[in-house]
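Enquirer: Here's my sequence, what's the structure:
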Amino acid sequence: MPSTQIFRRRIKSVNNTKQITKAMEMIASIKMQKAVRTIGQARIYIQEAWNILHLLAHKVLPDNHPLISTRPFKRTAVILITSDRGLCGSYNTEIIKKFVQFEREKCASNTTDCNLTLGNCDVIAIGKVGAAYTRRYNIGKLIAEFKGFDNDFSIDDIIPISKMTNGEYLANNYDRVVVIYSHFSSSIKQVPVVQQILPITDEHIDMKDFWATRESTKDLDYKFEPTADQVFDSVLIQIARTQVYGAVLEANASEHSARMVAMKNATDNAKDLIDELQLIYNSVRQDGITREIAEISGAAEAMK
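Expert: Here you go, the predicted model:
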């Protein structure tokens, strides 16, 4: 049986770990609250922007306009959003699973050119975990890597990413642009999703609000200068950029939430482990005391 000194060291070590995880839990909680407030302010704006763009596009643009028309998906750009570091439970694992599932489903629908090791999509990774996974297992072609964003980022930080995707899509180098990220539902629930950014489809639109807006504006005429196509090409870049910004906001809140829950679980486990070690320590200490008393009593009897 180990000595009481060993158990004291173990208890002290676990207690130090508990203090660290508790501090990380509190920091993640504060960051999550700030990120949730930012999401609440951005969600309504992003949704209304899509509704208005969709409404104007259907009123003015032809059905075959590249911004709203769907063409065969020969080449896809994937914006993969993960974290830079771990200690956030299954957050990164679930996003990677969603990415692999998306690749497999895409391959299943494309029997002419399907190879997971080569891939027919370009990956733009936000976060070191997703970039490392893509590079290691060669799922898709990693063309760009950005560090993860924290609460202090702004929409201007999204400009390099949106330029890579929007410009290439309008140049017909991509037939689809999607973003894979973790959608923040609550502090204990984050759902990995695949969201298509380009081309614009009805999945972006809150159809109830869309039809209400369309009914209230059906008699309005719009004038575009210089042309409708040029205006919409410019507006689309801003809208798509906002969409990526919203995805990063959702992912940021999900990461902080997942880390808060993971650190809380680690703290609770540390408490349970300390209690178990304390019981064993008390038992070993009591055995030592009993043994010493027995030895003293035996020696006293022997001296008689």
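
Enquirer: and the gap between residue 140 and residue 134?
Expert: Spatial separation of residue 140 from residue 134 under the definition CB to CB, to the nearest Å is 6 Å. Bear in mind the C-beta positions are built from the backbone N, C-alpha and C, glycine included.

Enquirer: and for the two, which residues touch both?
Expert: residue 123 (CB atoms under 8 Å, 6 or more residues apart in numbering).

Enquirer: In the stretch 151-300 of the chain, where is pLDDT below threshold?
Expert: The model of the stretch 151-300 of the chain has pLDDT under 70 over residues 201-221.

Enquirer: Spell out, range by range, the helices that occur in it.
Expert: 159-170, 207-216, 228-303 (DSSP state H, counting those that start in this stretch).

Enquirer: quick one, the first one and helix 228-303 angle?
Expert: Helix 159-170 runs at 130 degrees relative to helix 228-303, counting by axes from the mean of the first three to the mean of the last three CA atoms, to 10 degrees.

Enquirer: Give me the distance from helix 159-170 to the chain's centre.
Expert: In terms of CA atoms, centre = their mean, to the nearest Å, the centre of helix 159-170 is set 21 Å apart from its chain centre.

Enquirer: Packing partners of it?
Expert: Using 3 or more CB pairs under 8 Å, 6 or more residues apart in numbering; DSSP states H and E as the contact definition, the elements that helix 159-170 packs against are strand 76-81, strand 121-126, strand 141-146, strand 176-186, strand 189-198, helix 228-303.

Enquirer: The third one versus strand 76-81: what angle between them?
Expert: If I follow you right, that is strand 141-146. Angle between the axes of strand 141-146 and strand 76-81 is 40 degrees (criterion: the same axes, to 10 degrees).

Enquirer: Could you check how far strand 141-146 is from the centre of its chain?
Expert: Relative to its parent chain, strand 141-146 has a centroid offset of 17 Å by CA atoms, centre = their mean.

Enquirer: Send me it as CSV with only the CA atoms.
Expert: The C-alpha atoms that make up strand 141-146 are tabulated as CSV, following Å, rounded to 0.1, in the frame of the first residue of the first chain:
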residue,chain,number,x,y,z
LYS,A,141,-7.4,20.3,-51.4
LEU,A,142,-6.3,22.7,-48.7
ILE,A,143,-5.7,26.0,-50.5
ALA,A,144,-5.7,28.4,-47.6
GLU,A,145,-5.4,28.4,-43.8
PHE,A,146,-6.5,31.1,-41.4
